[in-house]
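*Asks:* build me a model:
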Amino acid sequence: MNRKRKNPDWRHFLLIAGMALIGLCNGCQPAREDPARLYGDETADSAYGDEGKLLNDTFRIDISEIRLVLTYHPDASVVEGISRIRFTMRPGQKRPLVHFNPAARGQVLQYLQLDDRVWQNPAEGIHITQFSGSTQQALEVLQDVDESGEHLLIIGYRLQFPASYPMFITQVNDIQGIGNEEIFPTINSPRELIHHLITLQVDGSVPYRCIGSGLVQKTDNSAVQEWTLDSERQVASYTIMFALAPAADTFFEERSIDGIPVRIVAFAGGASISAAFAELDSWLPQLQAEIAPLPMPRGLSIFLTNSGGGMEYFGGTITSLTALSHEVFHMYFACSTIAVTYRDSWLDEAITSWYDRSYPAYLIPINEGYQSNMVSGRSPIAVGFDSRAYYQGSQIMETLTQRLGGRAAMTRFLSQVHRDHLWSPFSTMDLAGYFYDYSGIDVRADFRNWFYRGDATAAGAVAMPVPWDQQVDLTPPRAVLEKYRSEREAGQ
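*Replies:* Numbers count the residues shown, from 1 in each chain. Modelled structure (predicted):
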């Protein structure tokens with residue numbers, strides 16, 4: 001491959017990022033939460049005291065917009081990025097921080113600017129910090145800023161990827177709590193909704209294909225292959241998806257199903273795109289009839305893998321055929337109806353597993369007297385959720401279903417929750433309140449037992465393995481890998 005630019009000048013990236021500032025952020029940042037409303041009386045079962053204050057002290061900033069330029073150099077397996085983050089400080093906070101894993105991808109910081117201050121040595125302007133109860137590493141900027149007003153943080157960096165197959169793709173794992181903070185600075189939290197504008201570039205002569213969240217458009221940049229990705233609204237950073245892969249190694253098809261544009265990319269010789277469309281032909285009309293119109297304005301972008309599990313994103317999924325319907329349902333619960341914290345995310349998996357009947361043999365009520373610490377066993381600032389959400393969570397959903405009078409009644413309740421709380425994050429105890437408002441059935445005491453008391457094996461419940469608790473398998477088919485190896489060996 002002929003590389004057009006071996007070591008791009010950082011002034012080039014700054015110029016592109018500066019030009020990208022044209023445009024306005026759609027929507028507005030959610031109002032700062034009222035802990036009394038969000039957490040109700042669940043703090044009585046928590047060891048964390050004032051959870052609202054803990055979240056405020058930990059996350060410190062509210063991000064309204066992230067603008068990125070990410071340039072992929074396939075020959076070197078390197079990504080060079082520049083991020084522009086617009087944010088405000090939370091009450092009482094002075095020093096901004098972002099989640100950006102310094103150990104991932106052999107990260108090297110090359111530029112650091114906060115408002116008008118530029119550090120000659122970026123390493124001198126940041127402190128790597130970690131919080132008790134969370135595995136996230138954060139970069140704290142070593143400068144106090146005013147609490148009032150908006151601020152701008154610019155970070156330039158370089159990421160080194162393994163020299164394997166030349167593909168640049170998001171790899172989020174929400175069970176482990178791994179988000180896109182391994183690719184760009186953000187706040188890895190479900191309720192931190194941000195407008196994302198990303199310029200994706202490939203520096204090389206081999207044609208690439210791009211698919212991703214929101215509005216993705218190819219530009220006429222003659223220097224590099226370039227696409228722009230616009231989420232068009234504020235979404236959680238860990239739900240942003242993109243995939244850049246060699247066009248010759250992939251197939252692409254686009255169709256409209258029940259009025260929804262659906263785009264699918266799959267490896268040549270890999271999973272069947274036709275089989276995926278056949279499944280969605282019935283699944284999408286069912287979801288739209290029973291829950292709501294698909295809440296993704298640009299439809300669905302799907303990167304279809306050969307095997308393994310799947311991961312949902314805003315308006316898209318990276319998934320195998322086995323997990324396809326499950327991940328597409330997450331467009332409703334996880335990507336648009338959102339948990340306040342990761343530990344509340346049990347409800348996304350429980351509702352989805354119940355709805356798509358992933359565990360038909362387990363669709364029985366939860367054991368009488370069941371208690372667990374599914375929520376309270378995790379810190380409010382922890383990333384990832386308890387995997388009991390799949391098994392015991394689906395049983396809890398079936399318990400609520402039977403109290404409502406059956407599947408149709410439960411589906412109507414979920415439809416109303418989705419309509420009433422779209423893009424408005426809520427907690428576990430909020431859901432209990434919504435159930436009471438809808439049905440008159442008070443399940444708050446049950447919720448305290450099911451999610452805030454007991455331990456992993458209370459009442460004899462045993463967590464079962466689940467098919468979606470797998471790393472997404474991005475391995476191309478053997479023929480594609482052999483072709484790549486042959487090309488690489490011929491070039492040596």
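
*Asks:* how close does Trp423 get to Asp437?
*Replies:* 19 Å (CB to CB, to the nearest Å). (Glycine included, C-beta is placed from N, CA and C.)

*Asks:* neighbour count winner among those two?
*Replies:* Trp423 (14 against 11; other CB atoms under 10 Å).

*Asks:* SS state for the more buried one?
*Replies:* Using DSSP: H, G, I helix; E, B strand; the rest coil, the structure places Trp423 in coil.

*Asks:* measure it to Leu300 for me?
*Replies:* Distance from Trp423 to Leu300, by CB to CB: 18 Å.

*Asks:* ranges for the strands of the stretch 151-300 of the chain?
*Replies:* 151-160, 168-169, 193-202, 208-212, 215-218, 225-236, 242-246, 250-257, 260-267, 300-304 (DSSP state E, counting those that start in this stretch).

*Asks:* parallel or antiparallel, list what pairs with the second one.
*Replies:* Read it as strand 168-169. strand 242-246 (antiparallel) (DSSP bridges).

*Asks:* which residues touch the strand it pairs with?
*Replies:* The contact list for strand 242-246 (CB atoms under 8 Å, 6 or more residues apart in numbering) reads 72, 166-170, 198, 200, 202, 206-213, 216, 229, 265, 267, 303, 318.

*Asks:* give me the mean pLDDT for it.
*Replies:* Per-residue pLDDT over strand 242-246 has a mean of 98.

*Asks:* what about the helices in the stretch 1-150 of the chain?
*Replies:* 10-19, 35-39, 51-59 (DSSP state H, counting those that start in this stretch).

*Asks:* worst mean pLDDT among the ones you listed?
*Replies:* The minimum mean pLDDT among the helices of the stretch 1-150 of the chain belongs to helix 10-19 (a mean of 34).

*Asks:* quote the end-to-end distance of stretch 188-208.
*Replies:* In stretch 188-208, first residue to last residue: 29 Å (CA to CA, to the nearest Å).

*Asks:* can you tell me the average pLDDT over that stretch?
*Replies:* In this model, stretch 188-208 has an average pLDDT of 97.

*Asks:* and the residue lying closest to Gln288 once chain neighbours are set aside, backbone torsions?
*Replies:* Distances taken as CB to CB, 6 or more residues apart in numbering put Asp258 closest to Gln288, at 5.8 Å, once the chain neighbours are dropped. As for Asp258, its main-chain torsions (degrees, to the nearest 10) stand at phi 50, psi 40.

*Asks:* ok, now how distant is Asp258 from Pro285?
*Replies:* Taking CB to CB as the measure, Asp258 falls 4 Å from Pro285.

*Asks:* compare those two (neighbour count), which wins?
*Replies:* Asp258 (17 against 14).

*Asks:* does the residue nearest to Gln288 touch Ser282 like I think?
*Replies:* No: using CB atoms under 8 Å, Asp258 is not in contact with Ser282, being 9.6 Å away.

*Asks:* report how many residues lie close to the residue lying closest to Val78 once chain neighbours are set aside.
*Replies:* With CB to CB, 6+ apart as the criterion, Val78 has its nearest non-adjacent residue at 5.9 Å, and that residue is Gln160. By other CB under 10 Å, 14 other residues sit near Gln160.

*Asks:* what's the pLDDT at Gln160?
*Replies:* Note on Gln160: pLDDT of 90.

*Asks:* what's the distance between it and Ile63?
*Replies:* Gln160 is 26 Å from Ile63, by CB to CB.

*Asks:* quick one: end-to-end length of stretch 124-141, please.
*Replies:* 9 Å.

*Asks:* can you give the contact residues for it?
*Replies:* So stretch 124-141 is contacted by 58, 95-103, 109, 112, 114, 119, 142-143, 153, 155, 177, 181, 185, 188, 379-384 (CB under 8 Å, 6+ apart).

*Asks:* selecting buried members of those residues in PyMOL, what would you type?
*Replies:* Buried members of the contacts of stretch 124-141, defined by 16 or more other CB atoms under 10 Å, are picked up in PyMOL with:
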select buried, resi 58+96+97+98+99+100+101+102+109+112+114+119+153+155+177+181+185+188+379+380+381+382+383+384
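
*Asks:* now intersect the contacts of stretch 124-141 with the strands, please.
*Replies:* Mapping the contacts of stretch 124-141 onto strands (DSSP state E) picks out 97-99, 109, 112, 114, 153, 155.

*Asks:* okay, the strands of the stretch 151-300 of the chain in a markdown table with distance to Val79 next?
*Replies:* As requested, the strands of the stretch 151-300 of the chain are exported to a markdown table (distance: least, CB to CB, whole Å):
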| stretch | distance to Val79 |
| --- | --- |
| strand 151-160 | 4 |
| strand 168-169 | 6 |
| strand 193-202 | 10 |
| strand 208-212 | 13 |
| strand 215-218 | 18 |
| strand 225-236 | 14 |
| strand 242-246 | 10 |
| strand 250-257 | 20 |
| strand 260-267 | 20 |
| strand 300-304 | 18 |
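
*Asks:* which one, of those strands, ends up nearest to Leu431?
*Replies:* Closest to Leu431 of the strands of the stretch 151-300 of the chain is strand 225-236 (CB to CB; 18.1 Å).

*Asks:* taking strand 208-212 as reference, get the angle to the closest one.
*Replies:* 10 degrees (axes from the mean of the first three to the mean of the last three CA atoms, to 10 degrees).

*Asks:* quick one: low-confidence parts of the stretch 1-150 of the chain?
*Replies:* 1-49, 102-107 (pLDDT under 70).

*Asks:* mind running it again at 50?
*Replies:* Applying pLDDT under 50 to the stretch 1-150 of the chain flags the ranges 1-47.

*Asks:* can you get me a residue count around Ala271?
*Replies:* 20.

*Asks:* and Gly81, by the same measure?
*Replies:* 23.

*Asks:* quick one, domains of the protein?
*Replies:* Per the record, the chain has its domains at 10-20+59-237, 342-460, by automatic domain parsing.

*Asks:* of those, which is nearest Gly52?
*Replies:* Short answer: domain 342-460, nearest of the domains of the chain by CB to CB, at 9.0 Å.

*Asks:* for the closest one, what is the average pLDDT?
*Replies:* Rounded mean pLDDT across domain 342-460 is 92.

*Asks:* what do you get for stretch 300-312?
*Replies:* 95.

*Asks:* buried ones in that stretch?
*Replies:* 300-306, 308-312.

*Asks:* ends of it, what's the gap?
*Replies:* End-to-end span of stretch 300-312 (CA to CA): 11 Å.

*Asks:* can you show me the helices along the stretch 351-492 of the chain?
*Replies:* Using DSSP H, counting those that start in this stretch, helices in the stretch 351-492 of the chain cover 388-404, 407-420, 428-439, 444-452, 478-490.

*Asks:* what's the spacing between the longest one and its chain's center?
*Replies:* Helix 388-404 has its average C-alpha position 24 Å from the chain's average C-alpha position, going by CA atoms, centre = their mean, to the nearest Å.

*Asks:* how about the shortest one?
*Replies:* Its chain's C-alpha centre and that of helix 444-452 lie 27 Å apart, by CA atoms, centre = their mean.
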